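Colleague: The sequence and its predicted three-dimensional model are supplied below.
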Amino acid sequence: MEDQNRLLAYQAIDENTKDSTVAKICKWVFEMEVNGADTIRPSDQYFMNRFGWTNGTTRVAISEAKKSGFITTVGRGTSRTFELNVQFLKGKMGEIVARKPLRKTLNLDDLNILPNNLPNNLPNNLPNNLPNNLP
């Protein structure tokens with residue numbers, strides 16, 4: 001994944017999660033998925049050790065991360081797996097991109113995208129009288 005897309009994904013997670021603990025869980029699952037992990041089965045103890053959280057903080061962070069829509073879990077206990085909701089993440093990334101203003105001026109370099117030739121059947125000039133019943 002390109003760094004620009006990764007930063008955009010991080011921004012989407014940061015803007016749409018309740019707090020930093022929730023964002024850390026979502027970003028961790030995101031990184032695992034991007035780096036090719038097939039099955040993501042961290043225990044609560046793993047998050048407690050990794051982030052230095054208490055058991056209560058870990059449970060609330062996982063619960064709120066699921067409520068955020070960025071991740072889902074399947075199963076319970078040691079068979080619980082985490083999955084990234086890719087479509088939801090892409091939607092939130094798209095919202096960020098849509099907020100960026102459109103460019104208002106046309107550069108000469110943009111003219112290269114226009115077709116170089118026109119169709120041969122165009123008239124040389126428009127007729128003087130056009131019909132009144134145009135759709």
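Modeller: Perfect, thanks for sending it.
Colleague: C-alpha only now, for contacts and for neighbours.
Modeller: OK.
Colleague: quick one, helices of the chain?
Modeller: All helices of the chain, identified by DSSP state H, fall at 3-15, 20-34, 44-51, 55-68, 86-99.
Colleague: Compute the number of surrounding residues for the nearest residue to residue 43 once chain neighbours are set aside.
Modeller: Distances taken as C-alpha to C-alpha, 6 or more residues apart in numbering place residue 78 nearest to residue 43, at 6.9 Å, with adjacent residues excluded. Taking other C-alpha atoms under 10 Å as the neighbour definition, residue 78 ends up with a count of 10.
Colleague: how near is residue 78 to residue 44?
Modeller: From residue 78 across to residue 44, the span is 10 Å (C-alpha to C-alpha, to the nearest Å).
Colleague: Enumerate every residue touching the closest residue to residue 75 other than its chain neighbours.
Modeller: Closest residue in space to residue 75, ignoring its immediate chain neighbours: residue 81 at 6.5 Å, by C-alpha to C-alpha, 6+ apart. Contacts were defined as C-alpha atoms under 8 Å, 6 or more residues apart in numbering; by that measure residue 81 touches 39, 40, 41, 42, 73, 74, 75.
Colleague: Residue 72 too?
Modeller: For residue 72, the contacting residues are 66, 82, 83, 84, 85, taking C-alpha under 8 Å, 6+ apart as the criterion.
Colleague: That one bridge partners, please.
Modeller: residue 83 (DSSP bridges).
Colleague: Which pLDDT does the model give it?
Modeller: Looking at residue 72, its pLDDT reads 96.
Colleague: now swap in residue 119 and tell me
Modeller: Looking at residue 119, its pLDDT stands at 61.
Colleague: Any figure for the gap between residue 71 and residue 27?
Modeller: For residue 71, the distance to residue 27 - C-alpha to C-alpha - is 10 Å.
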